[in-house]
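J.: Here is a sequence with its predicted model. Questions after.
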Amino acid sequence: MASKAVEAVLFPGIDVRVERVSASSDVLVVEAVAIGRPGRCPDCRKRARRVHSAYQRALDERPLGSRRVVVRLRVRRYFCDRKNCSRRTFAEQVPGLSEWHRRSSTGLTGWLRSIAVELGGRPAARLCRRLRLAAGRTRLLRLLTAPAVPDRAPRVLGVDEFARAAGSRRRACGNRGTRRIRVGPVGDHEIPRLSGFCVTQFPTPAVT
């Protein structure tokens, strides 16, 4: 397969140049070079001006037909010249292709994350084996992240009453009513105690 054809299929709009393609019966190895603008330091965000060195990293890519695809990507390592930045060198990342500390491409990582979300651990790993995707149960589960909980005050605060034992004094528990996220014990459900709890938990409440 010609390098230009592989470049158009695998890397549309991505700043890489395909230099060589090696094909076997089950694996397609693509050697590519990053050709984008100098990267920015991940700590201070200053754009680099000097190249420290270059190295090659291997990325698993989405398969082409029945063939597994491996991208051998040559990237640059840059100096960070900002004096007050603690980072001295950093490796460039290719937007749309590579990410920090990942051995798979951005596209393949998205596939694996979607499979893990739908199927979980072991079922997702079994499907990946059938699709010839290199991913085990542990790797798939690591791609799952908990949704962020907003820091802003809730629009609705519900109060549920409960008793620790039959015949004991009833108490109240506050929760974010829209998403059923438990906030904590209120104490009593009388209005003065409930108001004090809201002021303590939410200094700028949306609803009083």
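T.: In hand now; what should we look at?
J.: switch to C-alpha atoms for all contacts and neighbour counts from now on
T.: Fine.
J.: which strands and helices sit next to the longest helix along the chain?
T.: Assignment by DSSP state H gives helix 106-119 as the longest helix of the chain. Contacts defined by 3 or more CA pairs under 8 Å, 6 or more residues apart in numbering; DSSP states H and E place helix 106-119 against strand 51-64, helix 122-130, helix 137-142.
J.: just so I know, which of these lies nearest residue 104?
T.: Across those, residue 104 has its closest neighbour in strand 51-64 (4.4 Å, CA to CA).
J.: So for the closest one, what gets flagged as buried?
T.: The neighbour-count check on strand 51-64 (16 or more other CA atoms under 10 Å) flags 58-63 as buried.
J.: could you say what helices and strands that strand packs with?
T.: Counting contacts by 3+ CA pairs under 8 Å, 6+ apart, strand 51-64 is packed against strand 67-79, helix 106-119.
J.: Quickly compare these and say which is most buried.
T.: Comparing these by mean neighbour count (mean count of other CA atoms under 10 Å), strand 67-79 ranks first with a mean of 20.
J.: if we look at it, which residues are touching it?
T.: 25-34, 39, 48-63, 88-93, 132-133 (CA atoms under 8 Å, 6 or more residues apart in numbering).
J.: Now the element after it, going C-ward?
T.: Counting by DSSP states H and E, the next helix or strand C-terminal to strand 67-79 is strand 89-91.
J.: That next one pairs with which strands, and in what direction?
T.: Paired strands of strand 89-91, with direction, are strand 67-79 (antiparallel) (DSSP bridges).
J.: Just the angle for the strand it pairs with relative to strand 51-64, thanks.
T.: 160 degrees (axes from the mean of the first three to the mean of the last three CA atoms, to 10 degrees).
J.: re the thing from before, looking at the helices and strands packed on helix 106-119, which is closest to residue 99?
T.: Once the helices and strands packed on helix 106-119 are compared by CA to CA, strand 51-64 is nearest, at 10.0 Å.
J.: What residues are bridge-paired with the closest residue to residue 51 other than its chain neighbours?
T.: Spatial nearest neighbour of residue 51, excluding adjacent residues (CA to CA, 6 or more residues apart in numbering): residue 78 at 4.4 Å. According to DSSP bridges, the residues that bridge with residue 78 are residue 51, residue 90.
J.: I'd like the numbering to begin with 79 instead of 1 from here.
T.: Sure, I'll start counting at 79 from here, so that last one is residue 156.
J.: pLDDT at residue 156, what is it?
T.: Listed pLDDT for residue 156 reads 94.
J.: quick one: it from residue 175, how far?
T.: Separation of residue 156 from residue 175 (CA to CA, to the nearest Å): 19 Å.
J.: Likewise for residue 161?
T.: Taking CA to CA, one finds residue 161 at 30 Å from residue 175.
J.: do residue 116 as well
T.: Between residue 116 and residue 175 the distance, using CA to CA, works out to 16 Å.
J.: if you count what's nearby, which of those two comes out ahead?
T.: In this view residue 116 and residue 175 are compared by other CA atoms under 10 Å, and residue 175 has more residues nearby, 21 against 17.
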